[in-house]
Each structure stands twice: as structure tokens, then as C-alpha cells.
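Q: Provide a 3D model corresponding to the input given below.
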Amino acid sequence: MMPWLIFQTILLESGAFYLLTKPELSITMWSVFVIGHLLACASFTRCCWQVLPEKYKTPETGAKAFLFFVPFALPVLGMAGLSLTLMAVARFPKNDVKVTWKKADTISLPLAAESVQQSTYGAGALREILLFNPLPERRVLAVSAIQHLSVKQSVPLLQLALKDLSDDVRLLAYASLEKIEYQINENLEQLKRRYQTQLSADRAYEIAQQYWELCYLGLADGVLRRHYLREARSYLEQACDIQPMAQIYLLLGRVFIAENEPTSAIAPLELALAGGLRMKQVAPYLAEAAFIAKDYDKVRNYLGFLTKTENENLRQLKEYWLEQTS
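A: This next block holds a predicted model:
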């Protein structure tokens, strides 16, 4: 088949150009020339297609169009150039790369706060090191790097490190958590002394926030957590008595939810709305209170205000609530 296509292409192209040697060309002869050249290009395209490597055959339409229009636009020269190119490709094929991976240098873990910002290690990478790295030394370095993350990011990772089999990792993680808790308690003591000197709604709210932080970060559980929540509620109620504010009512509602008292949470959350907070700020907590109270109609109603949210955790929680209430 291939020899015949080559012979056919040469014959058609030669016959078409033979007509150009005539001293005078009529319209009929020009038409025969064009048709002969077209047929020669089509035959050449089919011939090239049979020897063209598979990786060059996609997209098929574009590849065939290229093989046809180059010799059509450049009579003789186009065919000669493409033929030489295909012969070179067939004679000197590109060597396949058999190495499918490349060894990367080990990146050192950051040991300073400014290094964390510039490092490729984020919270997720440090978590993977704690879970899967077999070297205790690397896990110790990961715990050291975790200390320079934000408190919200570092506490869950440090609590994960408390389950490590290495004593060094556990002790360093415990010391780091103790340091965070100590700083919060220090802030609490200072705020309480100032509050006793001068009663202020803002100061009472700040104290409640510190207690809430201890619970929210997971630094307290059991009886201690219940005590911190009671203290937070007490200071929030005092703040409301001094000067009611929307953010105070919002946190009070969240504390009631954390204490598993959804019915009591509704009133302060609605007061937070009345105080000027937007519905999408309060709706997640109203939905949570309704979900705990098993009032699923209200859950779906409140979730309707959260049609667009950029918070991934809230998006997942919303999907879970909708699945449970459907």
C-alpha cells in the first residue's frame, strides 16, 4: 500500500506540473492542474499518516489538515520538506524518559516565627509529619515549628502530638500547650484585676472571651470546661447588665449552645440580630441551636441565609445538617 501511495503521489504531482510546461494554458487546463495537485496532496497526506508517530496524530483533524495544507500551499517544496522531516523523525526518534520521578532535597523544618511564613511547610504538612514520619527527631522539629503558628492552628496539632509514641514529642507538645494555657490565664488575671477596679462591659466581655477561648481551643474538658463556660456566661450577663451590645449577646448564645442549652441560646442570638448584626453572622448559631433542639424546619430555614459561604468548615457543616434534616 505504501509504495503505491508514493508512486501515486509522484505521478499526480508530476502530471499536474507537466501542464505548466505548456506555452498556453486554458481555464480547463488550469482546472485540471488544481484538481491534480489536490489529489496529489490528499495522497501525500494519506501516505504520511501511515508513518506518522501516534503521539503526533492528536488532534486528528488538526494533524491531517497540517499534512494537507503545507504541500498544497507550497507545491513540491512542501512535500519535500515534510518527507525529509518524517524521515528524520523515523530515523532519529526521541528517547523515552524512563525515570518517572526525581529525588528532591529534604527541606529543613522552620524553627523561628519568621521562617514559618517563608517555609513550604504549612499546618497540613506539619500534621502529616506528626502522623507518618518515622523519625522522632523530625517529629520533635515539627512540634517546634508548630509553636510558631497561630494559636487556632497550633492547638489541634499539639493535641495530636500528645498521642505520639516518643516521650520527647509528647513532653514538648505538653509544654507548648501549657505555655498557651498559662498565657491565657495570665491575661485573665490581669483583666479581672482591672475589672474589679472599674466595672466595664468591654472588660467583662474580654474576660468572657478568654474563658471561651480556653473551651473553644479544646484546652479544657470535663468539669473544668463546664466551669469555664459558667464563668464566661456569668461575665457576659454582667456585661449585658452594664451595657447591652450585639457581640455580647452573640457570644452568650454560643456559650449556651456549648452548654447544650439550645432553648436558652435563642433569646440572646435574636437580641444580637436586633442589635445590628447581620443575619448571616447569626444564622449558623441559630441553625446549630435548632439542630440540637431537633427543630429541623428552623434548621433548613436558617441555612437558607447561608447560600454562599467561603468558610470550608461551615460549608461542610451545612451539608451535614441538610443531609440529617432531609
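Q: Just checking the distance from stretch 265-277 to the centre of its chain.
A: 34 Å (Cα atoms, centre = their mean, to the nearest Å).
Q: Can you list the buried residues in it?
A: 265-266, 268-269, 271-273, 275, 277 (16 or more other Cβ atoms under 10 Å). Glycine gets a C-beta too; all of them are placed from N, C-alpha and C.
Q: try stretch 298-314
A: 298-299, 302-303, 305-306.
Q: same question, stretch 133-146
A: So stretch 133-146, judged by 16+ other Cβ under 10 Å, has buried residues 139-143, 145-146.
Q: hmm, which helix or strand of this structure has the shakiest average pLDDT?
A: Least confident helix or strand of the chain, by mean pLDDT, DSSP states H and E, is helix 113-118 with a mean of 47.
Q: who's in contact with the helix or strand just after that helix?
A: Later in the chain than helix 113-118, the nearest helix or strand by DSSP states H and E is helix 123-132. Helix 123-132 has contacts (Cβ atoms under 8 Å, 6 or more residues apart in numbering) with 109, 121, 138-139, 142-143, 145-146, 149, 153, 157, 160-161, 164, 169.
Q: which one among the buried residues of stretch 265-277 gets closest to Glu54?
A: Leu277 (62.9 Å; Cβ to Cβ).
Q: Need the three-state assignment for the closest one.
A: Taken by DSSP: H, G, I helix; E, B strand; the rest coil, the conformation at Leu277 corresponds to coil.
Q: what's near enough to touch it?
A: Contacts of Leu277 (Cβ under 8 Å, 6+ apart): 246-247, 250.
Q: Remind me what the top helix by length along the chain packs against, helices and strands.
A: Ranked by number of residues, the top helix in the chain under DSSP state H is helix 167-197. Secondary-structure packing of helix 167-197 (3 or more Cβ pairs under 8 Å, 6 or more residues apart in numbering; DSSP states H and E): helix 136-146, helix 151-161, helix 201-216.
Q: Please point out which parts of it sit buried.
A: Buried-residue list, helix 167-197, by 16+ other Cβ under 10 Å: 169-170, 172-173, 176-177, 180-181, 184, 188, 191, 195.
Q: Would you reformat the helices and strands packed on helix 167-197 as CSV and include distance to Leu11?
A: CSV is the format used below for the helices and strands packed on helix 167-197 (distance: least, Cβ to Cβ, whole Å):
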stretch, distance to Leu11
helix 136-146, 73
helix 151-161, 76
helix 201-216, 86
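Q: from the chain's centre, how far out does the strand or helix carrying Glu319 sit?
A: Per DSSP H and E, Glu319 falls inside helix 312-325. Chain-centre distance of helix 312-325: 18 Å, with Cα atoms, centre = their mean.
Q: Buried residues, it. List them.
A: 317-318, 321, 325.
Q: With distance to Thr28 and pLDDT as added columns, please give these in a markdown table.
A: Output for the buried residues of helix 312-325, formatted as a markdown table (distance: Cβ to Cβ, whole Å; pLDDT from 0 to 100):
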| residue | distance to Thr28 | pLDDT |
| --- | --- | --- |
| Leu317 | 80 | 77 |
| Lys318 | 76 | 75 |
| Trp321 | 81 | 78 |
| Thr325 | 82 | 72 |
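Q: ok, which pair from those residues is furthest apart?
A: Leu317 and Thr325 (12.3 Å).
Q: What's the local residue count around Ala201?
A: Ala201 has 18 neighbours, counted by other Cβ atoms under 10 Å.
Q: Thought Tyr249 was touching it, still the case?
A: No. Using Cβ atoms under 8 Å, Ala201 is not in contact with Tyr249, being 11.7 Å away.
Q: overlap in contacts of the two?
A: In contact with both Ala201 and Tyr249: Cys240, using Cβ under 8 Å, 6+ apart.
Q: what bits of the stretch 201-326 of the chain have low per-residue confidence?
A: Where the stretch 201-326 of the chain drops to pLDDT under 70, the residues are 308-312, 326.
Q: Actually, the stretch 1-150 of the chain.
A: Residue ranges of the stretch 1-150 of the chain with pLDDT under 70: 1, 20, 25, 90, 92-100, 104-121.
Q: Remind me what the helix holding Glu319 packs against, helices and strands.
A: Helix 312-325 packs on helix 279-292, helix 296-303, going by 3+ Cβ pairs under 8 Å, 6+ apart.
Q: just to revisit the earlier point, most widely separated two among the buried residues of helix 167-197?
A: Checking these with Cβ to Cβ, the most distant pair is Val169 and Tyr195, at 39.1 Å.
Q: As CSV, the buried residues of stretch 298-314 with distance to Asn260 would be great.
A: Formatted as CSV, the buried residues of stretch 298-314 follow (distance: Cβ to Cβ, whole Å):
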residue, distance to Asn260
Lys298, 17
Val299, 16
Tyr302, 19
Leu303, 21
Phe305, 24
Leu306, 23
